[in-house]
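Asks: Provided below for reference: sequence and predicted model.
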Amino acid sequence: MTDTQIFVFPLTRRLGKIRAVATTLKGMKTDKMARAYRTQITTGLLNHLGKLGVEPIDQNELVFEFWRAVFDEISNNIEGAA
């Protein structure tokens with residue numbers, strides 16, 4: 001039996017999703033709302049990766065990189081507004 005590798009489209013290249021999540025997070029009025037939204041998005045990403053067959057151990061890094069891109073987008077927007 002051979003090992004198979006799954007290559008998924010990098011979450012960090014999903015610029016529309018990253019920008020939409022960043023915009024939504026910036027508009028959150030409370031930390032509680034932001035935490036709930038982050039949990040909802042993270043759960044969705046993990047479910048999506050799981051359905052694609054990505055091993056759970058590999059999912060965490062992909063999701064971490066996605067959130068890094070989201071927070072970079074927020075930071076860039078804040079710097080650009082100044």
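Replies: Okay, I see it. Numbering: from 1, shown residues only.

Asks: Tell me which other helices or strands the single longest helix found in the chain touches.
Replies: Counting by DSSP state H, the longest helix found in the chain is helix 56-81. If you count contacts as 3 or more C-beta pairs under 8 Å, 6 or more residues apart in numbering; DSSP states H and E, helix 56-81 packs onto helix 15-26, helix 31-52. Heads up, the C-betas are built off the backbone N, CA and C, glycines and all.

Asks: tell me the angle of that helix relative to helix 15-26?
Replies: Relative orientation of helix 56-81 versus helix 15-26 (axes from the mean of the first three to the mean of the last three C-alpha atoms, to 10 degrees): 70 degrees.

Asks: how far out from the middle of the chain is helix 56-81?
Replies: From the chain centre to the centre of helix 56-81 is a distance of 6 Å (C-alpha atoms, centre = their mean, to the nearest Å).

Asks: pretty sure residue 22 is touching residue 73, no?
Replies: Yes - counting by C-beta atoms under 8 Å, residue 22 touches residue 73, with 4.1 Å between them.

Asks: Relative to residue 63, which of the helices and strands packed on helix 56-81 is closest?
Replies: Comparing the helices and strands packed on helix 56-81 against residue 63 with C-beta to C-beta, the closest turns out to be helix 31-52 (5.1 Å).

Asks: hey, C-alpha coordinates of the closest one in PDB?
Replies: In PDB, the C-alpha atoms belonging to helix 31-52 read as follows (Å, rounded to 0.1, in the frame of the first residue of the first chain):
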ATOM      1  CA  ASP A  31     -14.400  40.500  23.000                       C
ATOM      2  CA  LYS A  32     -17.000  37.800  23.800                       C
ATOM      3  CA  MET A  33     -18.500  38.200  20.300                       C
ATOM      4  CA  ALA A  34     -15.100  38.100  18.700                       C
ATOM      5  CA  ARG A  35     -14.100  34.900  20.600                       C
ATOM      6  CA  ALA A  36     -17.400  33.300  19.500                       C
ATOM      7  CA  TYR A  37     -16.800  34.300  15.900                       C
ATOM      8  CA  ARG A  38     -13.200  33.000  15.900                       C
ATOM      9  CA  THR A  39     -14.400  29.700  17.300                       C
ATOM     10  CA  GLN A  40     -17.100  29.500  14.600                       C
ATOM     11  CA  ILE A  41     -14.600  30.200  11.800                       C
ATOM     12  CA  THR A  42     -12.000  27.800  13.300                       C
ATOM     13  CA  THR A  43     -14.500  25.000  13.600                       C
ATOM     14  CA  GLY A  44     -15.600  25.600  10.000                       C
ATOM     15  CA  LEU A  45     -12.000  25.500   8.700                       C
ATOM     16  CA  LEU A  46     -11.200  22.300  10.700                       C
ATOM     17  CA  ASN A  47     -14.400  20.600   9.400                       C
ATOM     18  CA  HIS A  48     -13.500  21.600   5.800                       C
ATOM     19  CA  LEU A  49     -10.000  20.300   6.100                       C
ATOM     20  CA  GLY A  50     -11.200  17.100   7.700                       C
ATOM     21  CA  LYS A  51     -13.600  16.500   4.900                       C
ATOM     22  CA  LEU A  52     -10.700  17.000   2.400                       C
END
